[in-house]
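1. What shape does this take:
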Amino acid sequence: MRIVSAVLAALVAAAGYYIAIPVMDRKYQMGLNCKGWRISSLGVLAVGGITVLAAGGIGYLNLQGDSPALRILAMLLIWAMSVLAVLDYKKQIVPNRFLLLMLLLWTAVTGSYIIVDTGGGLVLFFRALAGAVTGGLVFLLCYLLSGRKIGAGDVKLVFVMGLYLTGQRIIGAIFYGALLCCVYSLIQMGRKKLGLKDGVPIVPFLYLGTLITLLIF
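-> Numbers count the residues shown, from 1 in each chain. You can find the predicted model right below:
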């Protein structure tokens, strides 16, 4: 049963990602060389491969102890973060409309769960609010302390991530994402590819932090 769950999760992640990326490429002119179903950008293929493997791994692990709604939310978040990671890396933007889509999907899943299981649904709802407030406040503080070098879109994204990950996992996603971002920045500075005043797109690292958190917690 776990193998079936892993395969289905991987297939859904692949379909969602490879459908969304060409759409984003046409809308934001990301220069990804996407034409229909054909994608020739190695970076996009790499992110897609990581997404498929991570989704399969999470489907196999089945996120023991989590409700079905949380498992669905985890898969939706993996898909959304993979798309935003590519978009942020290429264009340094986090579209409000995409965040709104994420909010609508979260509302649909959580609302349905409350209807089916009111007690469990309300527990999930309050855990999600705790995650959103925690993640949003952490990044809002970073946004203010950094002199607004962190984008406002990143703050809104982390708030939405908190809804999906709940208070149990959002801190882990932020921690691992920040750690990977620091390591990458130090390596690039050592290679003279990055200066102290240069910024780096943070969504790709939040995406990786999310995958790590979901796989180990």
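2. contacts and neighbour counts: CA atoms only from here.
-> OK.
3. Sketch out the low-pLDDT regions of this protein for me.
-> Residue ranges of the chain with pLDDT under 70: 36-37, 62-65, 195-198.
4. Which helix runs longest in it?
-> helix 152-190 (DSSP state H).
5. could I have the following helix or strand past that one exported to CSV, CA atoms only?
-> Later in the chain than helix 152-190, the nearest helix or strand by DSSP states H and E is helix 203-216. The C-alpha trace of helix 203-216 is given here as CSV (Å, rounded to 0.1, in the frame of the first residue of the first chain):
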residue,chain,number,x,y,z
VAL,A,203,12.2,30.7,-2.0
PRO,A,204,14.4,27.9,-3.4
PHE,A,205,15.9,27.4,0.0
LEU,A,206,12.5,27.5,1.8
TYR,A,207,11.4,24.9,-0.7
LEU,A,208,14.3,22.6,0.2
GLY,A,209,13.8,23.4,3.9
THR,A,210,10.1,22.3,3.5
LEU,A,211,11.1,19.0,1.9
ILE,A,212,13.6,18.3,4.6
THR,A,213,11.1,19.0,7.3
LEU,A,214,8.4,16.9,5.8
LEU,A,215,10.8,14.0,5.3
ILE,A,216,12.3,13.9,8.7
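6. Just give me how far helix 203-216 sits from the chain centre.
-> In terms of C-alpha atoms, centre = their mean, to the nearest Å, the centre of helix 203-216 is found 7 Å from the chain centre.
7. likewise stretch 30-42?
-> Centroid separation for stretch 30-42 versus its chain: 21 Å, with C-alpha atoms, centre = their mean.
8. wait, isn't A6 in contact with Y60?
-> Yes - between A6 and Y60 there is a contact at 4.6 Å, judged by C-alpha atoms under 8 Å.
9. Just the element for the residue nearest the centre of the chain, please.
-> Nearest to the mean C-alpha position of the chain, by C-alpha atoms, centre = their mean, lies M81 at 2.7 Å. For M81, the enclosing helix or strand under DSSP H and E is helix 68-91.
10. buried stuff in the next helix or strand after that helix?
-> The element immediately downstream of helix 68-91 (helix or strand, assigned by DSSP H and E) is helix 96-116. For helix 96-116, burial by neighbour count (16 or more other C-alpha atoms under 10 Å) applies to 99, 102, 105-106, 109-111, 113-114.
11. Having no further points to raise, I will conclude here.
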